[in-house]
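Asker: take a look and give me a structure for this.
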Amino acid sequence: MKKIFLVSILNILLFNYALKAQDFLITDFGAKAGISYTNTIAINKAIETCAGKGGGRVIIPAGIFKSGTLLMKDHVTLYLESGATLLASTDLKDFPVQPQPTYRSQKDPAVVSGRRSTSWGDACCPDPARGTARAGARAR
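Answerer: This next block holds a predicted model:
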């Protein structure tokens, strides 16, 4: 009986979440197809709106849409319709340096004084101060 009750509650919660999820078409936020227009602002505005309304899908329709950095949010899915192409801009100013998160996983390398450092002690990395590889490092 408890199992049936828990399954029923789970189904209700999932159904309510599915009702809240919405679709957000990037062209409704000013995105234009073609390689002569950069759509970074429009796509990020659609992502922000989607996240602010509880999540859903940000839809890229058929066509070529050029963009720079996209800042994805929780509960947002970037969905490309059939025939859609998301093209990365060739202009580096469309990809500004992003702030680093305050947390760090064991897989992420840390940057200390501008040189790569890892939580396992740089055993595999060259030592830029000496211009040589450290002991135990593999030659590349």
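Asker: low-confidence bits of this protein, can you list those?
Answerer: Residues of the chain meeting the criterion pLDDT under 70: 1, 10-11, 13-20, 104-140.
Asker: show me it divided up by domain.
Answerer: 1-94, 102-140 (automatic domain parsing).
Asker: surely residue 39 meets residue 46?
Answerer: No. Using CB atoms under 8 Å, residue 39 makes no contact with residue 46, being 9.5 Å away. All C-beta spots, glycine's among them, are computed from the backbone N, C-alpha and C.
Asker: identify the contacts common to the two.
Answerer: Residues touching both residue 39 and residue 46 by CB atoms under 8 Å, 6 or more residues apart in numbering: 26, 31.
Asker: hey, what's residue 59 bridged with?
Answerer: residue 25, residue 79 (DSSP bridges).
Asker: quick one: it and residue 83, what's the gap?
Answerer: As defined by CB to CB, to the nearest Å, residue 59 lies at a distance of 12 Å from residue 83.
Asker: have a look at these two and say which one is more surrounded.
Answerer: With other CB atoms under 10 Å as the criterion, residue 59 and residue 83 differ in neighbour count, and residue 59 comes out ahead with 19 against 10.
Asker: tell me the secondary structure for residue 86?
Answerer: Here residue 86 is strand, with the state taken from DSSP: H, G, I helix; E, B strand; the rest coil.
Asker: distance of it from residue 60?
Answerer: When residue 86 is compared with residue 60 (using CB to CB), they lie 6 Å apart.
Asker: more crowded one of those two?
Answerer: residue 60 (25 against 15).
Asker: wait, what's in contact with the more buried one?
Answerer: 26, 31, 43, 78-81, 84, 86 are the contacts of residue 60 under CB under 8 Å, 6+ apart.
Asker: what do you get for residue 49?
Answerer: Residue 49 neighbours (CB under 8 Å, 6+ apart): 24, 29.
Asker: wait, a helix at it?
Answerer: Yes. Assigned with three-state DSSP, residue 49 falls within a helix.
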